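**Student:** no sequence on this one, just coordinates:
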C-alpha cells in the first residue's frame, strides 16, 4: 500500500458522521477543517470543542478546526463529502470552484439522486469533473466510531492509488479500511441496504419475529446481488463490508435511521426525526431495477408503502403471497 498520506483533509458536513470522520482523520495525523453551513454552529463548536447539536459528549480533536467559510477548504489535500445524498450535487457545485484540482473527493453519502437516477459518484463526475472521486462505505455508526470502537469500512476509487492514499490517511488502531477499485459496487451496496433496512424495521415494528427478520435480510441480500450484478458490480464487493456487512448492521438496530423509520411505520407511529436516506432512494432504486429488468420485490414493497400505494399490512401480505420458486 502507498504510505503517502493526505496531511490536510477537509470535511464537508458537520453532522454526526462528518464529525466522527473529522476526529478519525485528526487522530490519524491530519490537520482537519470541518465545514458547516451555519456560522453559529461553527462558532459554538470552536468555543466548546464539541458538536453538541449532532454528536454530544464527544470532544473535537485538537487538530479539527470548525468553519462556515468554504474558502477555508481551498488548500486541502483531500476532501470528505459527508452530506445527505440528495444534497451532494448542490454541495459539489458550491465547493468545486474553491477546491484544489488535485484534491480527490470521497463521498460518504449513500443513495441515488432522485430524478436523474445517478449514483453519487456520477453526480460528482458531472459537477466536479476535474477531481478524482472515491466513496467511503461500510458497517459503521457515528457514535461507535467516535467512541473508538473497532470499525472496518471500504474506500473505493477507480484510481487504486487514490483509494490507497485515503486508507493510509484515515487508518487508526480502531478504524480499519479496505480499498477497492469497484466504485459502482460500493455505491450499490450503500444505496440498496438503506431501502432494505426500512423493510426490516417494518417487520420488527410489526413484531413479526426473528425468523421473518432473518428471511428479510437473506432475501434482501439476494435482491442487492441481482441488482449489483446487472450494473456490473463485483460479487466480492457485494459480499463484503460495503454490501453484506452494512446490510447486517443497519437491518437490526434502531441506531440506523432507516431501520428506525421502518420500525415506526410498522408500529403505525410518525417517522422519527429527519427523513432517512432510504426513503429518498427507494423510488429511484426501484425505477433503476425496472429499467435493468431486475426483480426487487422487497424494495418495491418499501417504495409502495412510502408512496402510500400500499398499507403495511397489504405489503406484508403481498410479499407472503408471492409464488413459490427456487432459491437459486
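**Tutor:** Thanks, I have it. Since this is a predicted model, take the numbers as computed values, not measurements.

**Student:** gap between the two ends of stretch 162-179?
**Tutor:** Using CA to CA, to the nearest Å, the end-to-end distance of stretch 162-179 comes out at 9 Å.

**Student:** So for that stretch, mean pLDDT?
**Tutor:** Across stretch 162-179, the average pLDDT comes to 98.

**Student:** Next: stretch 225-239.
**Tutor:** 98.

**Student:** Just the buried positions in it, please.
**Tutor:** Residues 225, 226, 227, 228, 229, 231, 233, 234, 237, 238, 239 are the ones in stretch 225-239 that count as buried (16 or more other CB atoms under 10 Å). Where you see a C-beta, it was placed from the backbone N, CA and C, and this is true even at glycine.

**Student:** Among the residues you listed, which lie within helices?
**Tutor:** Residues of the buried residues of stretch 225-239 located in helices (DSSP state H): 225, 226, 227, 228, 229, 237, 238.

**Student:** shouldn't the first one be in contact with residue 240?
**Tutor:** Okay, so that is residue 225. No. With contact defined as CB atoms under 8 Å, residue 225 does not reach residue 240; the gap is 11.9 Å.

**Student:** Which residues are in contact with residue 32?
**Tutor:** Residue 32 makes contact with 8, 9, 10, 11, 22, 25, 26, 61, 63, 64, 65 under the criterion CB atoms under 8 Å, 6 or more residues apart in numbering.

**Student:** wait, isn't residue 303 in contact with residue 282?
**Tutor:** Yes. Using CB under 8 Å, residue 303 makes contact with residue 282 at a distance of 4.2 Å.

**Student:** ok now stretch 292-308, how far from the chain's centre?
**Tutor:** 20 Å (CA atoms, centre = their mean, to the nearest Å).

**Student:** Give me the common contacts of residue 303 and residue 282.
**Tutor:** Common neighbours of residue 303 and residue 282 (criterion: CB under 8 Å, 6+ apart): residue 195.

**Student:** These two: which has the busier surroundings?
**Tutor:** The neighbour count for residue 303 versus residue 282, taken as other CB atoms under 10 Å, is higher for residue 282 (31 against 25).

**Student:** quick one: the helix or strand where the more buried one lies to chain centroid distance?
**Tutor:** Element membership of residue 282, judged by DSSP states H and E, is helix 277-291. Computed by CA atoms, centre = their mean, the chain-centroid distance of helix 277-291 equals 15 Å.

**Student:** residues in contact with it?
**Tutor:** Contact partners of helix 277-291, identified using CB under 8 Å, 6+ apart, comprise 84-86, 109-115, 117, 191-192, 194-198, 227, 230-231, 257-258, 261, 271, 295-296, 299-300, 302-303, 306-307.

**Student:** Can you list which of those residues are found in helices?
**Tutor:** Short answer: those in helices (DSSP H) are 191-192, 194-198, 227, 230, 257-258, 261, 299-300, 302-303, 306.

**Student:** Make a ChimeraX selection of the buried ones in the residues you listed.
**Tutor:** Burial among the ones in helices among the contacts of helix 277-291 is assessed by 16+ other CB under 10 Å; the matching ChimeraX selection reads:
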select :191,192,194,195,196,197,198,227,257,258,261,299,300,302,303,306
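
**Student:** Give the rounded mean pLDDT of stretch 137-151.
**Tutor:** In this model, stretch 137-151 has an average pLDDT of 96.

**Student:** Between the two ends of it, what distance do you get?
**Tutor:** End-to-end distance for stretch 137-151: 11 Å, by CA to CA.

**Student:** for stretch 305-325, same thing?
**Tutor:** OK, stretch 305-325 end separation, CA to CA: 25 Å.

**Student:** Quick one: mean pLDDT for that stretch?
**Tutor:** Averaging pLDDT along stretch 305-325 gives 93.

**Student:** now swap in stretch 76-84 and tell me
**Tutor:** For stretch 76-84, the mean pLDDT works out to 98.

**Student:** What of stretch 56-69?
**Tutor:** For stretch 56-69, mean pLDDT rounds to 97.

**Student:** Could you check it and say which residues are buried?
**Tutor:** Residues of stretch 56-69 classed as buried: 58, 60, 61, 63, 64, 65, 66, 67, 68 (neighbour count, 16+ other CB under 10 Å).

**Student:** Which ones among the residues you listed map onto strands?
**Tutor:** Among the buried residues of stretch 56-69, DSSP state E puts 58, 64, 65, 66, 67 in strands.

**Student:** And for the strand or helix carrying residue 215, what's in contact with it?
**Tutor:** Residue 215 belongs to helix 210-230 when assigned by DSSP H and E. With contacts defined as CB under 8 Å, 6+ apart, helix 210-230 is touched by 185, 188-189, 192-193, 196, 199-200, 203-204, 235, 237-238, 243-244, 247-248, 251-252, 285, 288-289, 292-299.

**Student:** Does residue 14 touch residue 64 like I think?
**Tutor:** No. Counting by CB under 8 Å, residue 14 sits too far from residue 64 to count as a contact (9.9 Å).

**Student:** and the residue nearest to residue 240 when sequence neighbours are not counted, bridged to which residues?
**Tutor:** In space, and not counting its chain neighbours, residue 240 is closest to residue 154: 6.4 Å by CB to CB, 6 or more residues apart in numbering. Residue 154 has these beta-bridge partners by DSSP bridges: residue 137, residue 178.
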